[in-house]
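Colleague: quick one: sequence plus predicted model below, questions after.
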Amino acid sequence: MTLSNSSELIGTDRLEKQLETNGHSTVSEQEMRQSIRTLLTELGEDPDREGLRDTPKRVSKAWQFLTSGYNQSMEELLNGAIFNENSHEMVLVRDITLFSTCEHHMLPIIGHAHVAYIPNGKVIGLSKIARICEMFARRLQVQERLTGQVADALQDVLQPQGVAVVIEATHMCMVMRGVQKPGSWTTTSAMRGVFSDDARTRQEFMGLIRHSPQFH
Ligand SMILES: Nc1nc2c(ncn2[C@@H]2O[C@H](COP(=O)(O)OP(=O)(O)OP(=O)(O)O)[C@@H](O)[C@H]2O)c(=O)[nH]1
Ligand SMILES: [Zn+2]
């Protein structure tokens, strides 16, 4: 199923249709709200008090947004922004802010992605690299899979000489609860093509992402 950009607001009618047809959920918007209401009650809250009255609706909308990456199509996301270019030097977009959701606890994963590729006759619009990251981040994830999906998607659409993806993230399930380790960061990488085969290319990439960016 193809839907438009995840950052668009989704109207309730369209949202319900999407929920019924996207294959990831058959629950309606109403059922989702009801389950959030039940959760509030089970937590000992009064879901009818003023501050919580619209919370099921808000939470439902928030989760639709946070998981909207399931409904995006690569074709729409790319919008044709792949250009023929006879360049064979590394392209790196670093410090792409990422917000994802851990599939074990449904708590936030917050971090950065660094994405590089070496073209092989085609380049991609730079913003599309960040959009690809967002599409996979806005799903229930584990960091390893997210990293590999970004690498495979770029490899697929560009057939470059290689792709490298490093994600550095902190998991709220390890910070706010459980083992409670604020300041812990997880680094994952996915190397494809020349980044996997050639240590010098990989080293060049690693050297570039170590360097601090000029602007934040
Ligand atoms: N590999 C991997 N593990 C993750 C990720 N996000 C969360 N986890 C881990 O998933 C594991 C789930 O372990 P369980 O023992 O089933 O769940 P739990 O009892 O809530 O575990 P604790 O977090 O240790 O309290 C935990 O070790 C989490 O840290 C991720 O992106 N990748
Ligand atoms: Zn977790």
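Modeller: Structure received. Ligands and ions are numbered 1, 2, ... in the order given.
Colleague: only C-alpha atoms from now on, for both contacts and neighbour counts.
Modeller: Will do.
Colleague: what's the local residue count around the residue of the chain at minimum distance from ligand 1?
Modeller: Per CA to the nearest ligand atom, Val142 is where the chain lies closest to ligand 1, at 3.2 Å. By other CA atoms under 10 Å, 16 other residues sit near Val142.
Colleague: now the residue nearest to it when sequence neighbours are not counted, which residues is it bridged with?
Modeller: Distances taken as CA to CA, 6 or more residues apart in numbering put Cys102 closest to Val142, at 5.8 Å, once the chain neighbours are dropped. Under the criterion DSSP bridges, Cys102 forms beta bridges with Gln141.
Colleague: and the chain, which residues reach ligand 1?
Modeller: Residues of the chain found near ligand 1 (CA under 6 Å from any ligand atom) are 102, 104, 142-144, 174, 178-179.
Colleague: so which of those residues are in strands?
Modeller: When those are checked against strands (DSSP state E), the matches are Cys102.
Colleague: I'd like to know which of the residues of the chain next to ligand 1 are buried.
Modeller: Buried subset of the residues of the chain next to ligand 1 (neighbour count, 16 or more other CA atoms under 10 Å): 102, 142-143, 174.
Colleague: returning to what we had before: pretty sure the residue nearest to Val142 is touching Gln141, no?
Modeller: Yes: with contacts counted by CA atoms under 8 Å, Cys102 reaches Gln141, the gap being 5.1 Å.
Colleague: please parse this structure into its domains.
Modeller: 12-71, 80-210 (automatic domain parsing).
Colleague: could you single out the most deeply buried of those domains?
Modeller: Among those, domain 80-210 has the highest mean neighbour count (mean count of other CA atoms under 10 Å), at a mean of 18.
Colleague: all good on my end, thank you.
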